[in-house]
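Chemist: this one's structure only:
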């Protein structure tokens with residue numbers, strides 16, 4: 001019989017659950033409080049990191065089963081709920097309380113642990129812990145980069161790779177860790193480009209983000225008809241898009257925006273993607289922190305069927321200080337339990353035990369909280385005989401991240417994520433047969449930058465290395481990191497073409513792990529050295545790219561300058577857009593960053609990525625940071641003024657023409673659907689990918705609606721000279737608005753304009769349908 005998974009004893013986890021931050025650096029590193037020192041206060045990142053990795057402190061390997069089930073909960077022929085009934089009847093109160101942390105193992109009964117890992121663009125096992133070494137895993141572009149592919153199928157494949165690797169690590173005992181609940185996808189919306197965590201989300205549009213969260217969730221879950229390979233846990237519900245003061249802030253907006261904007265990607269992932277777990281955000285909504293906001297039970301659990309509600313690291317303690325909503329940690333824990341929180345990333349165990357003794361929490365309430373977690377364990381196959389679960393056969397070599405199949409998926413994801421923002425006089429692609437030298441310049445040219453939620457890849461290709469490999473021995477590559485000593489100018493002056501690789505630092509410096517300090521200005525981390533950088537705990541203070549000075553210097557001596565912007569979010573690169581002939585954009589952290597960039601630069605791949613947020617020309621075009629009413633000028637749906645780059649924008653090395661827009665019916669029933677079709681012709685000489693975007697505009701509604709809203713899209717490869725008919729479904733339900741007076745969805749009987757374009761600002765064809 002195969003040993004299924006390692007578990008951690010309650011004693012080990014007990015010590016882990018008390019991690020906090022104090023002023024002593026030694027205390028932070030040790031992870032255990034010492035008597036006679038300053039008072040510890042729970043800290044989110046340090047606590048989360050140790051809670052995630054507490055499963056590494058393995059005391060024993062516990063076989064889940066023998067051939068004949070010892071207990072009814074091990075009998076796969078019984079219903080899920082009957083199995084859980086039996087399991088709960090066998091557990092002690094203390095065991096039930098233990099399961100309310102991140103460890104779901106019940107060692108005495110042979111119940112394995114689900115385990116957790118960060119995972120928004122790859123499994124994260126980058127640090128050595130408890131004597132175990134880091135594990136390399138496939139690393140995809142940051143979510144904005146995956147989003148810029150506009151290809152849900154590729155996002156699904158990326159999710160599948162991540163889920164497969166998490167399962168592989170779990171099933172191989174030499175790694176000694178369990179990672180079956182991946183903390184991703186990040187399902188929030190990039191409401192404002194100043195948000196420090198924009199790097200974690202797919203974009204600004206609710207339907208677009210929802211489509212991607214559904215795809216990534218399905219990928220994580222895998223293709224087996226009965227079992228999940230891994231379980232997604234969505235982050236962070238709800239409206240979590242400011243970092244400064246997030247431990248005490250409230251995101252305030254009406255019910256319509258709750259239903260029609262902020263909750264959409266989550267709802268889609270739950271109802272269409274099958275996701276069953278979510279993490280509550282730090283902020284409040286309309287004054288009530290999400291961990292205790294009633295919508296977590298009344299909507300997320302009761303309406304959308306979610307099984308696991310997780311607090312974020314330290315969020316429960318924040319209810320005591322700085323929010324001052326409860327007098328002590330026990331009261332805060334009880335309030336969270338009453339609100340359905342059944343996974344704590346915080347101090348909770350002793351407080352829950354005392355609450356049971358005091359009669360504040362009953363064993364029946366504990367059962368109701370623990371039960372849903374075992375539903376996920378059963379869906380993962382952890383309570384079934386190993387020979388029934390296909391994933392138990394994931395043993396030995398080759399490690400999946402070293403296979404050609406996964407490398408190919410990684411490379412394709414990176415290629416599809418590249419966005420061509422400008423290409424005057426067809427400077428790109430470069431012709432290796434006519435150029436003799438290329439300057440590769442900039443602080444990001446010879447590195448691949450990893451972010452706070454990225455892992456360690458099995459390999460990485462920097463832009464410089466990728467360009468050298470692609471250019472070959474007949475093209476001289478002149479490299480300069482910066483302008484110091486005129487290095488950049490000299491390299492550019494003595495090259496046929498200059499490529500300047502610039503962008504942000506995703507961690508605002510090399511020491512982010514020790515920068516978690518509550519500062520006087522309300523940031524959760526120390527201020528970034530560069531004002532336009534951002535990260536978790538720190539919003540951006542500027543959208544100006546300081547490295548444009550380097551661009552100006554290079555362009556002054558070589559007009560054939562190409563700017564490669566590798567960034568987690570938009571910049572107001574007005575000078576670059578006005579003067580530089582060619583501009584590419586990529587997100588950080590792909591292990592194939594350099595390979596993908598080089599293949600695009602030299603024409604082996606025709607870029608087809610499109611932007612996923614509105615790029616403003618000026619920070620002055622944005623409403624105040626804490627204005628969560630997007631109708632005041634946020635996103636392409638309500639933006640005021642002219643953007644630098646609109647939502648959905650991207651160029652190609654070829655030209656696409658759109659024609660013959662039609663619908664399967666001119667009339668759409670309120671509970672019906674129709675198909676929108678358009679012919680797309682590749683009128684150029686290169687094969688390429690067109691991104692067909694379908695927007696709608698309400699022409700007769702009774703309430704304020706966006707001036708346009710994305711309702712469908714498709715990326716399609718078209719050979720040079722060929723024409724393809726692209727079909728996109730349109731459901732009447734996606735045209736509904738939320739009625740606040742008589743709560744519920746309403747579909748208006750009205751004319752609706754259906755528009756096809758290659759960006760939100762470039763509508764090429766339109767027609768009108770009538771909703772009845």
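Modeler: Thanks, I have it. Predicted, not measured: the structure shown is a model, and the values here were computed from it.

Chemist: how many neighbours does the nearest residue to residue 138 once chain neighbours are set aside have?
Modeler: With C-beta to C-beta, 6 or more residues apart in numbering as the criterion, residue 138 has its nearest non-adjacent residue at 4.8 Å, and that residue is residue 401. Every residue, glycine included, has its C-beta placed from N, CA and C. Look at residue 401: counted by other C-beta atoms under 10 Å, it has 26 neighbours.

Chemist: name the SS class of residue 401, please.
Modeler: Three-state assignment for residue 401 (DSSP: H, G, I helix; E, B strand; the rest coil): helix.

Chemist: wait, it touches residue 458, no?
Modeler: Yes: the criterion here is C-beta atoms under 8 Å, and residue 401 meets it with residue 458 at 4.8 Å.

Chemist: what is in contact with those two at once?
Modeler: With contacts defined as C-beta atoms under 8 Å, 6 or more residues apart in numbering, the residues shared by residue 401 and residue 458 are 136, 137, 138.

Chemist: which single one of those is nearest to residue 338?
Modeler: If you rank the shared contacts of residue 401 and residue 458 by distance to residue 338 using C-beta to C-beta, residue 137 comes first, at 37.7 Å.

Chemist: test my guess that the closest one contacts residue 124.
Modeler: Yes: Residue 137 is in contact with residue 124 according to C-beta under 8 Å; the separation is 7.5 Å.

Chemist: strands of the stretch 501-650 of the chain, residue ranges please.
Modeler: Counting by DSSP state E, counting those that start in this stretch, residue ranges of the strands within the stretch 501-650 of the chain are 561-566, 582-586.

Chemist: which parts of stretch 638-645 are buried?
Modeler: Along stretch 638-645, these residues count as buried under the neighbour rule (16 or more other C-beta atoms under 10 Å): 638, 639, 643, 644, 645.

Chemist: wait, what's in contact with residue 88?
Modeler: Residues touching residue 88, when contacts are defined by C-beta under 8 Å, 6+ apart, comprise 96, 367, 370, 371.

Chemist: which ones among those lie within helices?
Modeler: Among the contacts of residue 88, DSSP state H puts 96, 367, 370, 371 in helices.

Chemist: who wins for most neighbours among the residues you listed?
Modeler: Once you tally neighbours by other C-beta under 10 Å, residue 370 ends up highest among the ones in helices among the contacts of residue 88, having 22 neighbours.

Chemist: mind putting the ones in helices among the contacts of residue 88 into JSON lines with distance to residue 657 and pLDDT?
Modeler: As requested, the ones in helices among the contacts of residue 88 are exported to JSON lines (distance: C-beta to C-beta, whole Å; pLDDT from 0 to 100):
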{"residue": "96", "distance to residue 657": "63", "pLDDT": "98"}
{"residue": "367", "distance to residue 657": "62", "pLDDT": "98"}
{"residue": "370", "distance to residue 657": "59", "pLDDT": "98"}
{"residue": "371", "distance to residue 657": "57", "pLDDT": "98"}
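
Chemist: now render the residues you listed as CSV, adding distance to residue 608.
Modeler: Formatted as CSV, these follow (distance: C-beta to C-beta, whole Å):
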residue, distance to residue 608
96, 51
367, 52
370, 47
371, 46
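
Chemist: give me the common contacts of residue 137 and residue 124.
Modeler: Once C-beta under 8 Å, 6+ apart is applied, the residues that residue 137 and residue 124 both contact turn out to be residue 455.

Chemist: what score does residue 1 have for pLDDT?
Modeler: Looking at residue 1, its pLDDT is 35.

Chemist: ok, now the one 3 residues further on?
Modeler: pLDDT recorded at residue 4 is 35.

Chemist: ok, residue 216 touching residue 184?
Modeler: Yes: checked against C-beta under 8 Å, the pair residue 216 and residue 184 is within contact range at 7.0 Å.

Chemist: so what sits against both of the two?
Modeler: When contacts are counted by C-beta under 8 Å, 6+ apart, residue 216 and residue 184 have residue 232 as shared neighbours.

Chemist: tell me which of those two has more neighbours.
Modeler: Summary of the neighbour comparison: residue 216 and residue 184, criterion other C-beta under 10 Å, with residue 216 having more neighbours (35 against 28).

Chemist: re earlier: and the shared contacts of residue 401 and residue 458 as a markdown table, adding neighbour count?
Modeler: What follows is the shared contacts of residue 401 and residue 458, written out as a markdown table (neighbours: other C-beta atoms under 10 Å):
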| residue | neighbour count |
| --- | --- |
| 136 | 20 |
| 137 | 29 |
| 138 | 28 |
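
Chemist: nearest to residue 575 among those?
Modeler: Set against residue 575, the nearest of those by C-beta to C-beta is residue 138 (36.7 Å).

Chemist: what residues are bridge-paired with the nearest residue in space to residue 200 that is not next to it in sequence?
Modeler: With C-beta to C-beta, 6+ apart as the measure, residue 186 is the residue that lies nearest to residue 200, at 4.2 Å, once sequence neighbours are left out. With beta bridges defined as DSSP bridges, residue 186 has these partners: residue 235.

Chemist: and the gap between residue 186 and residue 123?
Modeler: Going from residue 186 to residue 123 by C-beta to C-beta, to the nearest Å gives 15 Å.

Chemist: again with residue 764
Modeler: For residue 764, the distance to residue 123 equals 41 Å [C-beta to C-beta].

Chemist: more neighbours: which of those two?
Modeler: Just comparing residue 764 and residue 123: by other C-beta under 10 Å the higher neighbour count belongs to residue 123, 29 against 17.

Chemist: helix or strand: which one has the more buried one?
Modeler: In the assignment (DSSP states H and E), residue 123 maps to no helix and no strand.

Chemist: list the residues that contact it.
Modeler: Contact criterion C-beta under 8 Å, 6+ apart gives 117, 135, 137, 138, 162, 165, 166, 169, 179, 182, 455 as the residues in contact with residue 123.

Chemist: wait, residue 283 sits on residue 249?
Modeler: Yes: using C-beta under 8 Å, residue 283 and residue 249 qualify as a contacting pair, with a distance of 5.1 Å.

Chemist: what do these two both touch?
Modeler: Common neighbours of residue 283 and residue 249 are listed as residue 242 (criterion: C-beta under 8 Å, 6+ apart).

Chemist: show me which of those two is the more surrounded one.
Modeler: In this comparison of residue 283 against residue 249, neighbours counted by other C-beta under 10 Å, the higher total goes to residue 283 at 25 against 19.

Chemist: so what's the more buried one up against?
Modeler: Each residue near residue 283 by C-beta under 8 Å, 6+ apart is listed here: 239, 240, 242, 246, 249, 250, 251, 289, 290.

Chemist: then residue 256?
Modeler: Residue 256 touches 703, 737, 738, 740, counting by C-beta under 8 Å, 6+ apart.

Chemist: before we move on, which element is residue 309 in?
Modeler: According to DSSP H and E, residue 309 maps onto strand 308-310.

Chemist: check which helices and strands that strand sits against.
Modeler: Using 3 or more C-beta pairs under 8 Å, 6 or more residues apart in numbering; DSSP states H and E as the contact criterion, the secondary-structure elements in contact with strand 308-310 are strand 277-280, helix 363-379.

Chemist: give me the mean pLDDT for that strand.
Modeler: The model assigns strand 308-310 a mean pLDDT of 98.

Chemist: contacts for it?
Modeler: Contacts made with strand 308-310 from outside it, assessed by C-beta under 8 Å, 6+ apart, are listed as 181, 233, 276-280, 296, 300-301, 339-345, 372-373, 376.

Chemist: the closest residue to residue 301 other than its chain neighbours: what secondary structure?
Modeler: Distance criterion C-beta to C-beta, 6+ apart; nearest residue to residue 301, sequence neighbours excluded, is residue 340 at 5.4 Å. On the three-state scheme (three-state DSSP), residue 340 is labelled coil.

Chemist: burial of residue 340, as a residue count?
Modeler: For residue 340, the number of neighbouring residues by other C-beta under 10 Å comes to 22.

Chemist: again with the one 4 residues further on
Modeler: Neighbour count of residue 344, defined by other C-beta under 10 Å: 25.

Chemist: likewise for residue 682?
Modeler: As a burial measure, residue 682 scores 25 neighbours (other C-beta under 10 Å).

Chemist: show me what contacts it?
Modeler: Residues touching residue 682, when contacts are defined by C-beta under 8 Å, 6+ apart, comprise 654, 655, 656, 688, 690, 718, 719, 720, 721, 722, 723.
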